[in-house]
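S.K.: 3D, please:
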Amino acid sequence: MKKNILYPLFTLLLLGMTLTSCEDMFGDFLDKQPSNELTEEIVFSDWTTTRQFHFDTYNFLRHGAGRINGSWLDAATDLSVTSFSYGGTRVSFNIGNYYNGAASNELTGTWEHYYRGIRKCNFTLTKIDEVPKPADESDEKYETDKLNYKSEARFLRAWFYWEMFLRYGPLPIVTEVLDPDGDLLTGYTTRPSIKEYVVDFILSELKDCESGLMNYIADESELKRNAGRITKPIARALYSRIMLYMASDRFRAESGITWAEAVEASKGFIDTYGGLYALFQPESDPVSNYTAAILRNAHSGKNRETIFWRNQVAVGWSAISDDTPVGEGGMGGNCPTQNLVDMYDMANGESPFASYDETGAPVYNEGLMPKINPESGYNEANFLANRDARLQATVLYQGVSWGNGVINVIRGQRDNPLGNTNATPTGYYMRKYIPENILSANHSGSNFRNWIIMRYAEILLNYAEALNEAGGSRAEVLNILQPIRDRAGLTAKLVERKDLQTLEDRRNFIRKERAVELAYEEHRIWDVRRWNVAEKALARPVYGVDVTNEGGVIKMTRKVAQERVFDSKMYLYPIPEAEEWKTNIENNPGW
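M.R.: Just a heads-up that it's a prediction; the model follows:
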């Protein structure tokens, strides 16, 4: 057997630091391994080291907070702007420069990152059957664990390929272990069709691996030991998401997946696993409920809304300082736009504006102001009042008490000081995903900040969208969405609203609702692409507000915060130049 040492570029070191971090993140199912040079022969001759090698693959699930040189992927959409002049999205996506090195960990690094993860999965699947049973384990446990690990490896490999597809389109599917010292894609330069890549491979893998995965873990101590591991419901949830995507406008013709099939996929999850999950609402206050749904984890926080997540250790100030208001001592970071703020309904459940387009955004006039819905109670002079509670739970704005002070974005004041280049360019700061209790006692607190990949609210949104497109009745579609609105404390029932009568109106409403509910969870950038509306959503300016104090009256004036660039070739990233040069693989259209 070739004695390759299993470390970069295509595997992570199996050494103390890496395994310790995995143990902290994913519970007690990893034992420490002190060796820093484990060969292929050593790893796959012992069950313990094989298990450690497999669990290390979970490290390839990425956390989205500030991942792109300090900026979030949603800052490449109309939902936010990064305040950093060097922020990866600001100098790449937002100006149409998809070759800028500041965003390389997203635009090109994704390729290497996931092919490394795929290689680890292929190692596990190729070698695990050769690993001898440990003497202290029963035959039953050995076979059960082995099936779990193989199924997890198949799931993770499918996830990695899916993440690559969103960015680059269909790529060569590698299911064998390639030599890290050779040309890794030799013989793998032919790009498959969407059907071959997604339907015939990824979706088939998810269906086939589900039965071999662990069951949903209800026992609290067992969940702590296995926090973050892939279970049967996770495979079904991802299957439902991908079916929705494949039925969407951009992919339907090539995938052959219908809206009716997407309906069945979401309904299938609800029918089979829905009793295990619920929208998280332990408090009576809707702001607290939405905040908790994002920050409370599935194990110690008993959050049954979370389905698939990247489990993290508890974090402190250093983890949130980049995205905290400058008046709190932070760096500003991911700043919400007026575009997002305008998507939130009124607290009475009515839409503040008269019409919304196919991106889910209000229709703006030349004065940056949408036409007001007179029945909503909206008042432009005080437009943040009486809004959907999710706005307050997601966005920090003028006058809100938060952390160790009150948000003040008036020029020259606490959160917009003169000369601070990281002060918000939009007039807003982000609250979602920022645990406020970390700010207590001179920023010495700590809190979990797991990265949510899928939660139950998305399943409901997926189901409503697919059913609407498949011709479901108005009442059926709107009633699926109602629990999400109820948690937000919105009083009007959707079925009682006078609008949302046509399929198109409901479509635009559902798209708006997705943007609001799933903001900053890396959905918007892919949603507008699959709907074939990215050129409209991402090429127009993003808006903000200037806040002034005029004789004791706070005034907010709309403004253009940033111009944006997007054209048709940007639906996909370019293939990394180094890979194109090495392999002569076909690049994406326009690049």
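
S.K.: After the longest helix along the chain, which helix or strand is next?
M.R.: Under DSSP state H, the helix in the chain containing the largest number of residues is helix 139-168. Sequence order places helix 194 as the next helix or strand after helix 139-168, per DSSP states H and E.

S.K.: elements contacting the helix or strand just after that following helix?
M.R.: Downstream of helix 194, the next assigned helix or strand under DSSP H and E is helix 204-210. Under the contact criterion of 3 or more Cβ pairs under 8 Å, 6 or more residues apart in numbering; DSSP states H and E, helix 204-210 touches helix 139-168, helix 232-247. For the C-beta atoms, the positions are set from N, CA and C on the backbone; glycine is no exception.

S.K.: Out of those, which one sits most buried?
M.R.: Of the helices and strands packed on helix 204-210, the one with the most neighbours on average (mean count of other Cβ atoms under 10 Å) is helix 232-247, at a mean of 24.

S.K.: Put the alpha carbons of that helix into PDB.
M.R.: Only the C-alpha atoms of helix 232-247 are listed here, as PDB (Å, rounded to 0.1, in the frame of the first residue of the first chain):
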ATOM      1  CA  LYS A 232     -32.100  10.700   8.500                       C
ATOM      2  CA  PRO A 233     -34.200  13.900   8.700                       C
ATOM      3  CA  ILE A 234     -31.300  16.000   7.500                       C
ATOM      4  CA  ALA A 235     -30.900  13.900   4.300                       C
ATOM      5  CA  ARG A 236     -34.600  14.200   3.600                       C
ATOM      6  CA  ALA A 237     -34.600  18.000   4.300                       C
ATOM      7  CA  LEU A 238     -31.700  18.600   1.900                       C
ATOM      8  CA  TYR A 239     -33.500  16.400  -0.700                       C
ATOM      9  CA  SER A 240     -36.600  18.700  -0.400                       C
ATOM     10  CA  ARG A 241     -34.500  21.800  -0.800                       C
ATOM     11  CA  ILE A 242     -32.800  20.500  -3.900                       C
ATOM     12  CA  MET A 243     -36.100  19.300  -5.400                       C
ATOM     13  CA  LEU A 244     -37.400  22.900  -5.000                       C
ATOM     14  CA  TYR A 245     -34.400  24.300  -6.700                       C
ATOM     15  CA  MET A 246     -34.600  21.800  -9.600                       C
ATOM     16  CA  ALA A 247     -38.300  22.700 -10.200                       C
END
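
S.K.: and it with helix 139-168, angle?
M.R.: Interaxial angle, helix 232-247 versus helix 139-168 (axes from the mean of the first three to the mean of the last three Cα atoms, to 10 degrees): 30 degrees.

S.K.: Pull out the buried positions in the next helix-or-strand element following helix 232-247.
M.R.: Going down the chain from helix 232-247, the next helix or strand is helix 252-255, by DSSP H and E. Neighbour counts over helix 252-255 (16 or more other Cβ atoms under 10 Å) mark Arg252, Glu254, Ser255 as buried.

S.K.: residue contacts, the closest residue in space to the last one that isn't next to it in sequence?
M.R.: Counting by Cβ to Cβ, 6 or more residues apart in numbering, the nearest residue to Ser255 once its immediate chain neighbours are dropped is Met246, at 3.9 Å. For Met246, the set of contacting residues under the criterion of Cβ atoms under 8 Å, 6 or more residues apart in numbering consists of Ile194, Val198, Val199, Leu203, Arg252, Ser255, Ile257, Ala262.

S.K.: pretty sure the first one contacts Pro170?
M.R.: Right, Ile194. Yes. Between Ile194 and Pro170 there is a contact under Cβ atoms under 8 Å: 5.8 Å.
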